[in-house]
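Enquirer: all I have is the shape, not the residue letters:
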């Protein structure tokens, strides 16, 4: 996500997840996906980790903006987490017209391992 306010959005997303985590596990719906349970949130001004029942979201501030990596246990959960994260960040950054652009995962070849 390209933005000059990456740290602010990282902190805002992590704070939001920590505050509403208890409510999200009770079947709160957003679009077609139920929200996963928030199991843990850790963050600083430059790095954040959301541990969710469906997977994990890692956020890092870099010179171009905010890099977001999502790992999930199924393809549906991956898309669900991506949808939730993108919707929340776009809602937080509506005045800045922020947009989250997801890249396909990189495949690691055996010689890279």
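Expert: Yep, it's here. Note that the structure is predicted; figures quoted are calculated from it, not measured.
Enquirer: only C-alpha atoms for contact and neighbour calcs from this point on.
Expert: Fine.
Enquirer: in this protein, where is pLDDT below threshold?
Expert: Scanning the chain for pLDDT under 70 picks out 21-33, 106-113.
Enquirer: helices along that one, start to end?
Expert: With DSSP state H as the criterion, the chain has helices at 6-24, 75-92.
Enquirer: okay, the angle between the last one and helix 6-24?
Expert: Counting by axes from the mean of the first three to the mean of the last three CA atoms, to 10 degrees, helix 75-92 lies at 120 degrees to helix 6-24.
Enquirer: which residues touch helix 75-92?
Expert: Contacts to helix 75-92, defined as CA atoms under 8 Å, 6 or more residues apart in numbering, come from residues 9, 12-13, 30, 33-36, 54-55, 70-72, 97-100, 102.
Enquirer: so which residue is dead centre in this protein?
Expert: residue 85 (4.1 Å; CA atoms, centre = their mean).
Enquirer: rewinding a little: let me have the helices of the chain in CSV, adding distance to residue 43 as columns.
Expert: Listed next are these as CSV, based on distance: least, CA to CA, whole Å:
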stretch, distance to residue 43
helix 6-24, 7
helix 75-92, 15
